[in-house]
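Trainee: here's my sequence, what's the structure:
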Amino acid sequence: MPDQQEPDTTFAEFWASIPSKGVTKGSKKNAEKAWRKLTPQEQSLAAERAPVFYTLTPEERFGALGLHVSTFLNGGHYEEEVIAEKMKRRQEKAAYDPRQMAAKNIKSGKRFLCTNITPTKARTLIADGLVTEDECRKVGVL
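Mentor: Residues are numbered from 1 along each chain as shown. This is a model prediction of the structure:
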């Protein structure tokens with residue numbers, strides 16, 4: 001029997017988070033029934049991972065094309081490692097900082113990596129303490 005603890009996400013929020021384009025949502029009633037069987041922890045995990053799962057390609061889902069939401073929940077597909085890996089890659093991509101990359105390129109001392117860095121950008125990086133004026137002169141951005 002699922003815990004009586006209050007879930008972080010309601011079924012309505014979960015259902016609304018699933019992308020509808022190209023996805024067979026199946027019966028909302030069956031999905032809600034499957035949702036109620038989950039513990040609050042499982043509901044939170046499913047709510048977090050379902051939007052990612054439904055944006056994966058069929059190859060990434062190992063052929064699970066058009067998977068009904070109730071099957072996603074009943075089958076525990078929200079626990080699959082491929083979803084966790086995809087989420088991790090998305091977070092890493094979101095953490096990309098172009099200023100840090102520009103500073104790294106300047107510090108490398110390789111001119112060809114710095115062709116897109118303008119003198120204005122270089123001065124901003126110097127002011128922020130990410131690179132020195134000498135490093136910028138060395139690669140020709142100042």
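Trainee: F11 versus R36, what's the distance?
Mentor: As judged by Cβ to Cβ, to the nearest Å, R36 and F11 stand 8 Å apart. Yep, even glycine has a C-beta here, placed from its N, CA and C like the rest.
Trainee: more neighbours: those two, which one.
Mentor: Set side by side, R36 and F11 show unequal neighbour counts under other Cβ atoms under 10 Å, the larger going to F11 at 18 against 11.
Trainee: wait, the more buried one touches K33, no?
Mentor: No: counting by Cβ atoms under 8 Å, F11 stays clear of K33, with 9.9 Å between them.
Trainee: just give the nearest non-adjacent residue to A103, would you?
Mentor: Leaving out its chain neighbours, the residue that sits closest to A103 by Cβ to Cβ, 6 or more residues apart in numbering is L130, at 3.9 Å.
Trainee: wait, what's in contact with G140?
Mentor: Residues near G140 by Cβ atoms under 8 Å, 6 or more residues apart in numbering: R111, C114.
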